[in-house]
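make a model of this:
(2 chains)
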There are 2 protein chains.
Amino acid sequence: MDLDITKKLIKPADTKIVLLVMDGLGGIPDSSTNLTELESAYTPNLDNLASKSICGLQQPVATGITPGSGPGHLALFGYNPIEFQVGRGVLAAYGIGFDLQDKDVAARGNFCTVDDNGVVIDRRAGRISTEKNKELCQLIRDNINIPGIEVFVETVKEHRFLLVLRGEDLSGELYDTDPQEIGKPPLPPRVSSSNAEKTREVVEEFLRQVREILREQHPANMVLLRGFSMKPGWPTMEDVFGLKSAAIAAYPMYKGLAKLIGMDILPTGETISEEFKTLEEHWNKYDFFYLHVKKTDSSGEDGDFNRKKMIIEEVDQYIPRLLDLKPDVIIVTGDHSTPSELKAHSWHPVPVLLWSKHCRPDNVKHFGERECINGALGPRFPAVELLPLALANAGRLEKFGA
Amino acid sequence: MDLDITKKLIKPADTKIVLLVMDGLGGIPDSSTNLTELESAYTPNLDNLASKSICGLQQPVATGITPGSGPGHLALFGYNPIEFQVGRGVLAAYGIGFDLQDKDVAARGNFCTVDDNGVVIDRRAGRISTEKNKELCQLIRDNINIPGIEVFVETVKEHRFLLVLRGEDLSGELYDTDPQEIGKPPLPPRVSSSNAEKTREVVEEFLRQVREILREQHPANMVLLRGFSMKPGWPTMEDVFGLKSAAIAAYPMYKGLAKLIGMDILPTGETISEEFKTLEEHWNKYDFFYLHVKKTDSSGEDGDFNRKKMIIEEVDQYIPRLLDLKPDVIIVTGDHSTPSELKAHSWHPVPVLLWSKHCRPDNVKHFGERECINGALGPRFPAVELLPLALANAGRLEKFGA
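Just a heads-up that it's a prediction; the model follows:
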């Protein structure tokens, strides 16, 4: 879907769209029951909604491609994730709620172990504790000194941290220093574009000082850096789709993503109940609401089939409250599949339903992977086309041509 | 599917993929039974495999397009057949097992009949016998003499032969000399690119001499040339997909195609049994195996519904031996449809199944055209996306984005 075509057809309307994302929703069948998490969940409200909706399975990026959370969400927001690629450093910053500025360069860091010759012998420093990580970040902050550059070193989790460099004329166009395997020294910082030379020098100096600072901190006696990047200057949801948009998400990463495309971030709590309460409280103020449920993904990543199923059942109970708000369009889907069996994101297409008063419902009666195959959206619907379809159902697109 | 994106996500894995191609697999229903060849075949093993697989119908090139064997196979190998076009001369060379060198120019030739004014009155010279063709090729070989150029004239079948020109600075960028209709003289050789001028002169001289050599050989007293082309310099399966690949095929054309993308060609016999034996013998040496069954197509081309059905049944009996090898991913499909009713390749989408332990099976229980419509791959799956999907199922693709 070409954003430019949609953009030209946008017309204003007093209608509201809700995108409910159950992160990692899709699954694969459990070997004993031959049912997926969603198929085995008791979801009378979602089933009822599905029976009035058009259903299908959507592909966030492309056939066979396992999406990260960034690309998976961008596709749902109507942004082609191959065209709109966000750097890993930037995502890491958003992941911990770091307020990245326009000129900042961000990178993901790992504490690692090097031997006396500087050769990496453990790329994760034995997965040190988050507590230890905090100590080490503090140690670096207390001792680092690069003239003209403000350096932020922030704990993420275990061996992972965030590096942000703030100063003039910095660039994200540097290659990773992580050699990706043990038995080799960290790679020196190298530019992928000549205008990053100053940044390269700054990173080189940072690494020189860090090596000194961490010298006695075995096993976490060095760092590896990846995913240098800066905030991209993307068009907003309002620019492109004419939607005043709000994000309701408990986790920093998703708030950060939403902020990248100009959504307002509504303060909310950690529970699904608090998120729906936030939705209700702000109902009159926006055209588009993105509501994110994280725990379907985290339970899938943990391999906990039953917990994932129960979280889906919990979400199901809030569907009547959503309907009470009388939205014009509802989309329920995930940003990718996270089968408990695989304990990871996967390439499998994601169940999706789109409801509106005028959607022309198909024959799907239950919201589940196998039933959705034969829905009106088909078994491989490009996720990036969901938002334009929502706009159409919301009466927000003009006719194309005469 | 953009090869560049897939290429960036390739990761190594100790997994094996088997692509079993029943050439011309798809059919249309017989008027008496209303069943296709595949639907009427007794295929308990394929049905059992289908019930654990994702199924669908795939389109090798595009809707409504009848694929030749070249494009049909290239799509299955993950190469977009519209982007990767192989010249007809090159295909003809592979079709007879001619060992084409990098600088050779190949063209398909027809013996034809011209009248006293040089006007074509039969484009196929009355379909002379293959024996006669061999005599004439020998006659040309014995008498042709173009300084600096080695000329190969090789019998294909009936009125068809292969011309290969070997020398320095040759180019395939010439138009056909076949006027495509009777009542006109052969077209003179013309360049489609200025760097083919030398080749044009060589072909002009070749045609001048051939006309003399064949003067008394009515009805085969002239030749028409088509599909001038050279070996393309394509990336290999190992380059693009990280797969050490082998082809098991009895017919020269398919070995030639496989060689174009860097597959090893395993020596094998003419029977399906010998082909599976070859697969077993080389099982440990490759990541990807392409196994080609020719006779489904040739029986379809002969209009022999029953023989095509029996060959499908024969292949079915080898499925347990395939499963015994414990491959990680199996694809069973054809390179195009060849309905016996039409006695020719056709545009109809081709039944396909893809099995892996984690494929998320759909509801298809029998491997047949009409059941596959409702499979998870859908009724018009782009064939070129099968290989990326196989890679995903084989654990050979990284996540896209964070």
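
what about the stretch 201-350 of chain A, any weak spots by pLDDT?
Within the stretch 201-350 of chain A, no stretch has pLDDT under 70.

can you give me the strands in the stretch 51-200 of chain A?
A:54-59, A:105-114, A:120-122, A:150-157, A:160-166 (DSSP state E, counting those that start in this stretch).

dump the ones you listed to a markdown table, plus mean neighbour count, distance to chain B and mean pLDDT.
For every residue, glycine as well, the C-beta is placed using N, CA and C. Below are the strands of the stretch 51-200 of chain A laid out as a markdown table (neighbours: other Cβ atoms under 10 Å in any protein chain shown; distance: least, Cβ to the nearest Cβ, whole Å; pLDDT from 0 to 100):
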| stretch | mean neighbour count | distance to chain B | mean pLDDT |
| --- | --- | --- | --- |
| strand A:54-59 | 26 | 8 | 98 |
| strand A:105-114 | 25 | 8 | 96 |
| strand A:120-122 | 18 | 19 | 96 |
| strand A:150-157 | 17 | 12 | 96 |
| strand A:160-166 | 22 | 12 | 97 |
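
turn those strands into a markdown table, columns for distance to residue B:107.
Below are these laid out as a markdown table (distance: least, Cβ to Cβ, whole Å):
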| stretch | distance to residue B:107 |
| --- | --- |
| strand A:54-59 | 43 |
| strand A:105-114 | 56 |
| strand A:120-122 | 57 |
| strand A:150-157 | 63 |
| strand A:160-166 | 61 |
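
residues of the stretch 201-350 of chain A that sit close to chain B?
A:227, A:339, A:341, A:342, A:345, A:346, A:347, A:348, A:349 (Cβ under 8 Å from any Cβ of the partner chain).

is the fifth one in contact with residue A:338, as I believe?
Yes - in this structure, residue A:345 sits in contact with residue A:338. The criterion is Cβ atoms under 8 Å, and the distance is 5.5 Å.

okay, these two: which has more neighbours?
It is residue A:338, of residue A:345 and residue A:338, that has more neighbours when counted by other Cβ atoms under 10 Å in any protein chain shown, with 31 against 25.

how about the more buried one, nearest residue that isn't a chain neighbour?
Among residues not flanking residue A:338 along the chain, residue A:24 sits closest, at 2.8 Å (Cβ to Cβ, 6 or more residues apart in numbering or on different chains).

quick one, phi/psi of the one you found?
phi 70, psi 30 (degrees, to the nearest 10).

burial count for it?
Counted with other Cβ under 10 Å, residue A:24 comes out at 30.

same check, this time on residue A:184
Counted with other Cβ under 10 Å, residue A:184 comes out at 12.

cool, the one 3 residues further on as well?
Using other Cβ under 10 Å, the number of residues around residue A:187 comes to 15.

residues contacting it?
A:175, A:176, A:177, A:178, A:179 (Cβ atoms under 8 Å, 6 or more residues apart in numbering or on different chains).

most neighbours among the residues you listed, please name it.
The contacts of residue A:187, ranked by neighbours (other Cβ under 10 Å): first place residue A:177, 23 neighbours.

could you tell me the end-to-end distance of stretch A:223-241?
Terminal residues of stretch A:223-241 lie 42 Å apart, using Cα to Cα, to the nearest Å.

tell me the buried residues in that stretch?
A:223-231, A:234, A:237, A:240-241 (16 or more other Cβ atoms under 10 Å in any protein chain shown).

try stretch A:201-217
A:202, A:203, A:205, A:206, A:207, A:209, A:210, A:213, A:214, A:217.

between these, which is closest to residue B:69?
Closest approach to residue B:69 among these (Cβ to Cβ): residue A:203, at 53.4 Å.

just the pLDDT for the closest residue to the closest one other than its chain neighbours.
Spatial nearest neighbour of residue A:203, chain neighbours left out: residue A:189 (4.2 Å); criterion: Cβ to Cβ, 6+ apart. With respect to pLDDT, residue A:189 scores 96.

OK, contacts around residue A:189?
A:174, A:175, A:177, A:200, A:203, A:204, A:207, A:225.

and residue A:209, what does it touch?
A:143, A:144, A:145, A:146.

how near is it to residue B:345?
Residue A:209 is 68 Å from residue B:345, where distance means Cβ to Cβ, to the nearest Å.

need the overlap of contacts for residue A:345 and residue A:338.
By Cβ under 8 Å, 6+ apart, the residues touching both residue A:345 and residue A:338 are residue A:24.

follow-up on the earlier one: let me have the contacts of residue A:209 in a markdown table, extended by pLDDT and distance to residue A:374.
Formatted as a markdown table, these follow (pLDDT from 0 to 100; distance: Cβ to Cβ, whole Å):
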| residue | pLDDT | distance to residue A:374 |
| --- | --- | --- |
| A:143 | 97 | 62 |
| A:144 | 97 | 59 |
| A:145 | 97 | 64 |
| A:146 | 97 | 60 |
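
what helix or strand is the closest residue to residue A:319 other than its chain neighbours on?
If the residues on either side of it in the chain are set aside, residue A:319 comes closest to residue A:45, at 3.6 Å by Cβ to Cβ, 6+ apart. Following DSSP states H and E, one finds residue A:45 within helix A:44-50.

against which helices or strands is that helix packed?
helix A:305-316, helix A:319-324, strand A:329-333, strand A:350-356 (3 or more Cβ pairs under 8 Å, 6 or more residues apart in numbering or on different chains; DSSP states H and E).

just so I know, which of the ones you listed lies nearest residue B:245?
The closest of the helices and strands packed on helix A:44-50 to residue B:245 is strand A:350-356. By Cβ to Cβ, the value is 31.3 Å.

the closest one: how far from the chain's middle?
Put simply, strand A:350-356 sits 19 Å off its chain's centre (Cα atoms, centre = their mean, to the nearest Å).

picking that back up, just the buried residues of stretch A:223-241 now: which is nearest chain B?
Taking Cβ to the nearest Cβ as the measure, residue A:227 is the one of those closest to chain B, at 7.4 Å.

does the residue nearest to residue A:338 touch residue A:297 like I think?
Yes - counting by Cβ under 8 Å, residue A:24 touches residue A:297, with 3.2 Å between them.

which residues do those two both contact?
Common neighbours of residue A:24 and residue A:297 (Cβ under 8 Å, 6+ apart) are A:334, A:338.

show me what contacts residue A:164?
A:93, A:98, A:100, A:104, A:105, A:106, A:107, A:151, A:152, A:154.

quickly list what it is bridged to.
Beta-bridge partners recorded for residue A:164 (DSSP bridges): residue A:106, residue A:152.

how close does it sit to residue A:220?
With Cβ to Cβ as the criterion, residue A:164 and residue A:220 are 20 Å apart.

ok, residue A:126 - contacts?
A:113, A:159, A:219.

again, only using 6 Å
Contacts for residue A:126 were tallied using Cβ atoms under 6 Å, 6 or more residues apart in numbering or on different chains; they are residue A:219.

quick one: it from chain B, how far?
23 Å (Cβ to the nearest Cβ, to the nearest Å).

what packs against the strand or helix carrying residue A:275?
Using DSSP H and E, residue A:275 sits within helix A:272-281. Using 3 or more Cβ pairs under 6 Å, 6 or more residues apart in numbering or on different chains; DSSP states H and E as the contact test, the elements touching helix A:272-281 are strand A:245-248, strand A:288-293.

now it: how far from the chain's centre is it?
For helix A:272-281, the distance to the chain centre is 20 Å (Cα atoms, centre = their mean).

list phi and psi for the spatially closest residue to residue A:221 that is not a sequence neighbour.
Of all residues not flanking residue A:221 in the chain, residue A:214 sits nearest, at 4.8 Å (Cβ to Cβ, 6+ apart). Dihedral pair for residue A:214: phi -90, psi 0, per degrees, to the nearest 10.
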